[in-house]
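Asker: Sequence first, predicted model second:
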Protein chains: 2
Amino acid sequence: MDKRDRILKAALELFNQYGFDNTPTARITKEAGVATGTLFNYFKNKEELINVLYLTCKESLTRRLSLGLEQETTFKSKLKRIYINYIGWSLDHTEEFLFFQQFCNASCIGETTRKEGLSKFNNIMELIAEGIEQEIIKKVNLDYMSNLLMGILNANTYYFIDNPSLAADAVFLETSFNFLWDSIKN
Amino acid sequence: MDKRDRILKAALELFNQYGFDNTPTARITKEAGVATGTLFNYFKNKEELINVLYLTCKESLTRRLSLGLEQETTFKSKLKRIYINYIGWSLDHTEEFLFFQQFCNASCIGETTRKEGLSKFNNIMELIAEGIEQEIIKKVNLDYMSNLLMGILNANTYYFIDNPSLAADAVFLETSFNFLWDSIKN
DNA sequence: AATCAAATTGACTAATCAGTCAACTGTATT
DNA sequence: AATACAGTTGACTGATTAGTCAATTTGATT
C-alpha cells in the first residue's frame, strides 16, 4: 500500500474515532508511518484530505450497489438487490459506512463534494421515480420517498452492524427488507 | 433570561452551526453577552455545558411526547399521538432537534448523560413491547423495532423541517404516519 | 560514479483556544 | 457608612496544532 493510501486509511479510522477537528494531522501521519509533511504532499490541506476520503468511499459504495442489478427484472427485486448490496457493503466496509453517517452533513465536506457524491445516486433515484409513476409504490414526492428509504436503510444497517451474525441469516434479511417494502408498497 | 440560559441558548445555536470543537467558548460568551469567565462559573468546563444542554433538550422532548397520551385508547392511536408530538416538538424546537441529530452519538456527550437520556424513553419502549406481545405489530427484537422506528421518525421529521408548510397539512401528516404504520403493523 | 529531480523528512512558526485568577461591581446587612 | 460577599469580568497562560520549508534521501538515467 503506497503512502497516500496509508494516509487515507489512517485518516478514516481516526476521523471516525475522534472526529475531524480532534484528529491532529500529526496523529494521522504517525499512524500511517510517514512524516508530518508527507500528508501535505498528497493533499493540499486537511480539508482536501477528508473530501477525497468522502468521494473515494462514495464511489466504492455506488459500485457495489449496482452489482448484479441487471439480472433483476421487477421493481421489487431490483430494490431488494440494492438493499442487500447496501447492507453487504456496509458490513464489509464498516469504517466507511460509519464515516458517512458521521460526516455526510458535516461542514468540513464542501458543497461541491457533496453534490458530486449525490450525483452518483442518480440512477437509483430514477428507479424510484419509475416505481412511483408505475404505481408500484405509494405516490409521494420523490424527495420524501428517498429520504424515508435512506432512513429505513440506515436504521437496518446499523442493526446489522451491531449484530453481524444476523446478516448471514437469510430469513431475517428477508424480514428486514419487508419492513421497508411494506412501508412503501402500494 | 438569566445569564445561564443565555449561555445555553448561544451554545445550542453555535454548536449546531460550527460543531463542538469549532466553537470557542469565547464565541459562546460573546453571543450570550457575558464575559468569558462567566461560562465557567455556571459550568465546570465546556463538556459539562454540552452535557447539560443535552439533558435539558431531552427533558423538553420527553415532556412533549407524553402530551395527551392518556386520552388515546388503542395502540395505534397512542403511537400516532407520539409520532405527532415528536414532529410537533421538532418543528417548535428545530435547533434542539438538529442538536440531537448531530450530537446523540458524539463522544463529547458522556456515557452517564447518554444513559440518563435514554432512560427517559422507558415508557415508550414499554408501549412498543406491549404492541409486539399483543401481536399488533410485527414480532421482532425490541432493539430492532425501536431502532427502525427512530429511523423512520427522524426521516419524516427532517422532511417536515425542510417543508414546514406540510406540517399543517393534516392529510399529509396522516399519509406520513401510514408509512411508519404500514412498515410495522402485523 | 556522477548527476538530477522527485519524494520525504521533521524541526519550526504563527495562530488559536480552554480554563485561570486577581481585580472589580453591585447589593444586602449591620 | 462600613463590611461582607456572591457574581462578574477579561487579560493572561500553557498547551495544542495546521501548515511551511530547508535539508536529506531515494532511485532513475547517463
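Answerer: Arrived safely.

Asker: Packing partners of the helix or strand of chain A with the lowest mean pLDDT?
Answerer: Taking mean pLDDT, DSSP states H and E as the measure, helix A:164-167 is the helix or strand of chain A with the lowest mean score, a mean of 89. If you count contacts as 3 or more CB pairs under 8 Å, 6 or more residues apart in numbering or on different chains; DSSP states H and E, helix A:164-167 packs onto helix A:75-92, helix A:142-162, helix A:170-184. Backbone N, C-alpha and C define where each C-beta goes, glycine included.

Asker: how about the last one: buried residues?
Answerer: By neighbour count, with 16 or more other CB atoms under 10 Å in any protein chain shown as the criterion, the buried positions of helix A:170-184 are A:172, A:173, A:176, A:177, A:179, A:180, A:181, A:183, A:184.

Asker: Distance check, the residue in chain A positioned nearest to DNA strand C against residue A:6.
Answerer: Residue nearest to DNA strand C within chain A (CB to the nearest atom of the strand): residue A:37, separated by 1.9 Å. When CB to CB, to the nearest Å is applied, the distance between residue A:37 and residue A:6 equals 15 Å.

Asker: Mind checking which of these two has more residues around it?
Answerer: The neighbour count for residue A:37 versus residue A:6, taken as other CB atoms under 10 Å in any protein chain shown, is higher for residue A:6 (17 against 9).

Asker: pretty sure the more buried one belongs to a helix, no?
Answerer: Yes. The assignment for residue A:6 by DSSP: H, G, I helix; E, B strand; the rest coil puts it in a helix.

Asker: Next up, phi/psi of the residue of chain A closest to DNA strand C, please.
Answerer: Here is the backbone geometry of residue A:37 (degrees, to the nearest 10): phi -70, psi -30.

Asker: repeat for residue A:55
Answerer: In this entry, residue A:55 is assigned phi and psi values of phi -70, psi -40 (degrees, to the nearest 10).

Asker: what sits against the nearest residue to residue A:65 once chain neighbours are set aside?
Answerer: Excluding its sequence neighbours, the residue lying closest to residue A:65 (CB to CB, 6 or more residues apart in numbering or on different chains) is residue A:85, at 5.0 Å. Residue A:85 is in contact with A:64, A:65, A:66, A:67, A:68, A:69, counting by CB atoms under 8 Å, 6 or more residues apart in numbering or on different chains.

Asker: Report the buried members of those residues.
Answerer: The neighbour-count test (16+ other CB under 10 Å) applied to the contacts of residue A:85 identifies A:64, A:65 as buried.

Asker: and chain A, which residues reach DNA strand C?
Answerer: Taking CB under 7 Å from any atom of the strand as the measure of proximity, chain A contacts DNA strand C at A:2, A:3, A:34, A:35, A:36, A:37, A:38, A:41, A:42.

Asker: burial of the last one, as a residue count?
Answerer: Other residues near residue A:42 number 16, with proximity taken as other CB under 10 Å.

Asker: Over to the second one?
Answerer: When counting by other CB under 10 Å, one arrives at 16 neighbours for residue A:3.

Asker: cool, the first one as well?
Answerer: Neighbour count of residue A:2, defined by other CB under 10 Å: 7.

Asker: Save the helices and strands packed on helix A:164-167 as TSV, and put in distance to DNA strand D too.
Answerer: What follows is the helices and strands packed on helix A:164-167, written out as TSV (distance: least, CB to the nearest atom of the strand, whole Å):
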stretch	distance to DNA strand D
helix A:75-92	28
helix A:142-162	28
helix A:170-184	39
